[in-house]
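Engineer: Give me a model of this one.
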Amino acid sequence: MGELLVRREGAVGTILFSNVARHNAMTYAMWHEFPERLHELDADPSVRVIVLTGDGDQAFVSGADISQFQQNREEEGMQQAYDRALVTAFRAPSRCEKPVIAKVHGYCIGGGLGIAAGCDLRLCSDKAVFRMPAARMGLGYAFSGMQRFVALMGPANAADIFFSARSFDAADALRMGFVQRVLPVGALDAAVAEYCNGIAGNAPLAVESAKRSIVEALLDESRRDMTAVQGLFEAAGESEDHEEASIAFMEKREPVFKGR
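Structural biologist: A predicted model of the protein is given here:
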């Protein structure tokens, strides 16, 4: 049975999707639990960056656990609950105050592609394989999720992967703008760790302000919370960390940020 494993190493918190026998396919319980585990890491003051990745070396997430589909269709109200759980899970990374990064290796298919699309950044190995098979399964895709794909890849690339349901490799994902970096499979872990530690070494309030502005910029103007955006912008400018950065620059040393 699948599960979510949570780990903390320094300022980096990791959620590991673990269902190795099914290439880390997501059960209903995993979909339901995922936003809760994310919230716990986001609320942990010792964590400054969150990484999502798959257990083992074969997959990030290969989609929803197909073995549960028939049961979900047959039980009254279960399909609606399942759909709500997926939408909530896909939105969860953008609702975190801290950066959420997908570290993708192996298969990233269907719901796995949706989870990765919800993250702030995606770094993958050169052996990663991506696919959105909804059209082969006779399924539509929630509009909020489609908005994320169009924002990331543009309408033509989103049309390509949804219309064709084809597999595409890491080079294609980079060309489309779905991933930001492609690394040799043996170098992925070290590169992601180095990148995350670099983010963790920056001023947390400034990073939070940048993330909130990016998230709000992707919303329709009528839905943007500009009060929150402005509040975070001002808080960063008035913070002790900003003062520390100025002093460190004058003293020619690395700043030590405390998130206040």
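Engineer: distance of residue 106 from residue 181?
Structural biologist: 17 Å (Cβ to Cβ, to the nearest Å). The C-beta positions use only the backbone N, C-alpha and C, and glycine is treated the same way.
Engineer: Which one's more surrounded, these two?
Structural biologist: Taking neighbours as other Cβ atoms under 10 Å, residue 106 and residue 181 compare with residue 106 leading, 22 against 14.
Engineer: any idea how far that one lies from residue 158?
Structural biologist: Residue 106 is 23 Å from residue 158, by Cβ to Cβ.
Engineer: can you give me the strands in the stretch 151-260 of the chain?
Structural biologist: Counting by DSSP state E, counting those that start in this stretch, the stretch 151-260 of the chain has strands at residues 167-169, 181-183.
Engineer: which one of the ones you listed has the most crowded surroundings?
Structural biologist: Ranked by mean neighbour count, those are led by strand 181-183 with a mean of 18 (mean count of other Cβ atoms under 10 Å).
Engineer: For that strand, enumerate its sheet partners and note whether each is parallel or antiparallel.
Structural biologist: strand 121-125 (parallel) (DSSP bridges).
Engineer: need the contact list for the nearest residue to residue 66 once chain neighbours are set aside.
Structural biologist: Among residues not flanking residue 66 along the chain, residue 25 sits closest, at 7.1 Å (Cβ to Cβ, 6 or more residues apart in numbering). Residues counted as contacts of residue 25 (Cβ atoms under 8 Å, 6 or more residues apart in numbering) are 2, 19, 61, 62, 63, 64, 65, 66.
Engineer: What pLDDT is listed against residue 25?
Structural biologist: If you check residue 25, the pLDDT there is 94.
Engineer: just use 37 as the starting number from now, easier for me
Structural biologist: New numbering, starting at 37: the last item is residue 61.
Engineer: Distance of it relative to residue 167?
Structural biologist: For residue 61, the distance to residue 167 - Cβ to Cβ - is 13 Å.
Engineer: One more: residue 216?
Structural biologist: Distance from residue 216 to residue 167, by Cβ to Cβ: 19 Å.
Engineer: of those two, who's got more company?
Structural biologist: residue 167 (20 against 15).
Engineer: Isn't the more buried one up against residue 205?
Structural biologist: No. Between residue 167 and residue 205 there is no contact, the gap being 10.3 Å when judged by Cβ atoms under 8 Å.
Engineer: What ranges does the stretch 187-296 of the chain have for its helices?
Structural biologist: Secondary structure of the stretch 187-296 of the chain (DSSP state H, counting those that start in this stretch): helices at 191-200, 206-212, 224-236, 240-253, 262-273, 276-287.
Engineer: Residue 154 is nearest to which of the ones you listed?
Structural biologist: helix 240-253 (10.7 Å; Cβ to Cβ).
Engineer: ok now do the most centrally placed residue in the chain, which residues does it touch?
Structural biologist: Geometric centre of the chain, nearest residue: residue 155, 2.3 Å, by Cα atoms, centre = their mean. Going by Cβ under 8 Å, 6+ apart, residue 155 touches 88, 129, 136, 137, 138.
Engineer: how much space between the second one and residue 153?
Structural biologist: Here the distance between residue 129 and residue 153 works out to 9 Å (Cβ to Cβ).
Engineer: Ok, the third one next?
Structural biologist: Here the criterion is Cβ to Cβ. By it, residue 136 lies 11 Å from residue 153.
Engineer: now the residue nearest to the centre of the chain: how far from residue 272?
Structural biologist: For residue 155, the distance to residue 272 - Cβ to Cβ - is 22 Å.
Engineer: quick one: which helix or strand includes the nearest residue to residue 178 once chain neighbours are set aside?
Structural biologist: Spatially, and ignoring its direct neighbours in sequence, residue 178 is nearest to residue 123 (5.5 Å; Cβ to Cβ, 6+ apart). Using DSSP states H and E, residue 123 sits in helix 114-131.
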